[in-house]
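J.: Below is the sequence, then the predicted model.
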Amino acid sequence: MKISVISYGATLVSILDKTINREMVLNFDKPERYKSSDKYIGATIGRVSNRIASGRFILESNAYQLAVNNGPNHLHGGFQGFDKKEFDCFVTENCIRCTRISPHGEEGYPGNLMVEIIYTLQENKVIIETVCQSDRTTLANLTNHTYFNLDDDKLSILNHRLKILSDQVYPVDEFGCTYNQPFSVKSTPFDFTSDKRIGECLQSTHPQILMARGLDHHFDIKSAGIRLAAILSNKDTRMLIYTDKPGMHVYSANYLDGTDIGSEGLPYHHHSGICFETQYVPNSINFNQTIAPIIQAGQIQKHQTVFEFQRIEG
């Protein structure tokens, strides 16, 4: 396999299976297209992925107001999140290391945050490690926003099959903001405990699916340490997702609208990819600080997510 990363947004632009000459992700053929797109394709998201209600939170008795860039809420780090920042990148034989310092006050966040994103290729595994350290207590909930599609044509993920090792999912409000009432996936379209066709979920009339225009929800993953979180497959390829983070936000490209033209020369439409954004519970700083992505001053936060690719024989 071969991976490619650009310094803009520490963006993962390619995962190429050279044995079948197939790209596994949605991408662009020119770096400048990443700058003009607002869909976060392949980007590193930070400081905090997903939404923070009203862009406000209280930390150590101090109130903070972040940039509000998505309706009434703060999304994916603000107007100039990590996806729009240049990283210093260093390449070794099988590793691409991307670093930057997010200064105190950037998009409203406290503390100077040192960030390192490490992409490692080990045979059929793509390992993404994040390392963060701040000089003040702050928030850090980084994720990767790659859109996966295991087919050659990249038209749709409706016929992909998905298994998620989670029995609870968090609902969202009409603005896509997560709130603190997780519910059981049992007897709902969110039940992926046995693998099923993604279209079965996306074409349902469940109020949460209709409100979000598809999957845009956080699945709780309770076990500690790095573990299998999900399996995505098509007719000949299987991708296993492992993580040591407490959950995974699954997003089915509900807002791709055909304006972004991929490297294949075709427009990316609704549900043409799927993201597995491993992270802490979105907006948890506002309803449960015991599970929120808080980093104390001087503390080092390390996390790892692994995408493993396998061929399906026969």
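T.: Alright, I've got the coordinates.

J.: Least confident secondary structure element in this structure?
T.: In the chain, no helix or strand scores lower on mean pLDDT, DSSP states H and E than helix 31-36, which sits at a mean of 93.

J.: Outside of that helix itself, list whatever touches it.
T.: The contact list for helix 31-36 (Cβ atoms under 8 Å, 6 or more residues apart in numbering) reads 6, 8-9, 11, 13, 28, 41-43, 84, 260-261. Every residue, glycine included, has its C-beta placed from N, CA and C.

J.: Flag every buried residue along it.
T.: The neighbour-count check on helix 31-36 (16 or more other Cβ atoms under 10 Å) flags 33-34 as buried.

J.: Which SSE is immediately downstream of that helix?
T.: Per DSSP states H and E, the first helix or strand lying C-terminal to helix 31-36 is strand 44-45.

J.: quick one: low-confidence parts of this structure?
T.: Where the chain drops to pLDDT under 70, the residues are 314.

J.: Which strand in it has the most residues?
T.: The residue-count maximum for a strand in the chain (DSSP state E) belongs to strand 300-311.

J.: Show me what the helix or strand that contains L121 is packed up against.
T.: Element membership for L121, per DSSP H and E: strand 113-122. Judged by 3 or more Cβ pairs under 8 Å, 6 or more residues apart in numbering; DSSP states H and E, the packing partners of strand 113-122 are strand 2-6, strand 95-102, strand 125-134.

J.: So what touches it?
T.: Strand 113-122 is contacted by residues 1-3, 5, 10, 12, 44, 46-47, 82, 87, 94-102, 126-134, 138, 140, 142, 295 when judged by Cβ under 8 Å, 6+ apart.

J.: repeat that with 7 Å
T.: Strand 113-122 has contacts (Cβ atoms under 7 Å, 6 or more residues apart in numbering) with 1, 3, 5, 10, 12, 44, 46-47, 94-102, 126-134, 138, 140.

J.: Which among those count as buried?
T.: Buried residues within these, counting neighbours by 16+ other Cβ under 10 Å: 1, 3, 5, 10, 12, 44, 46-47, 96-98, 100, 102, 126-134, 138, 140.

J.: Can I get the contacts of helix 31-36 in JSON lines including distance to I226 and neighbour count?
T.: JSON lines is the format used below for the contacts of helix 31-36 (distance: Cβ to Cβ, whole Å; neighbours: other Cβ atoms under 10 Å):
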{"residue": "I6", "distance to I226": "27", "neighbour count": "20"}
{"residue": "Y8", "distance to I226": "29", "neighbour count": "18"}
{"residue": "G9", "distance to I226": "25", "neighbour count": "28"}
{"residue": "T11", "distance to I226": "24", "neighbour count": "27"}
{"residue": "V13", "distance to I226": "25", "neighbour count": "24"}
{"residue": "F28", "distance to I226": "31", "neighbour count": "21"}
{"residue": "I41", "distance to I226": "26", "neighbour count": "27"}
{"residue": "G42", "distance to I226": "22", "neighbour count": "27"}
{"residue": "A43", "distance to I226": "23", "neighbour count": "27"}
{"residue": "K84", "distance to I226": "29", "neighbour count": "17"}
{"residue": "D260", "distance to I226": "32", "neighbour count": "20"}
{"residue": "I261", "distance to I226": "36", "neighbour count": "14"}
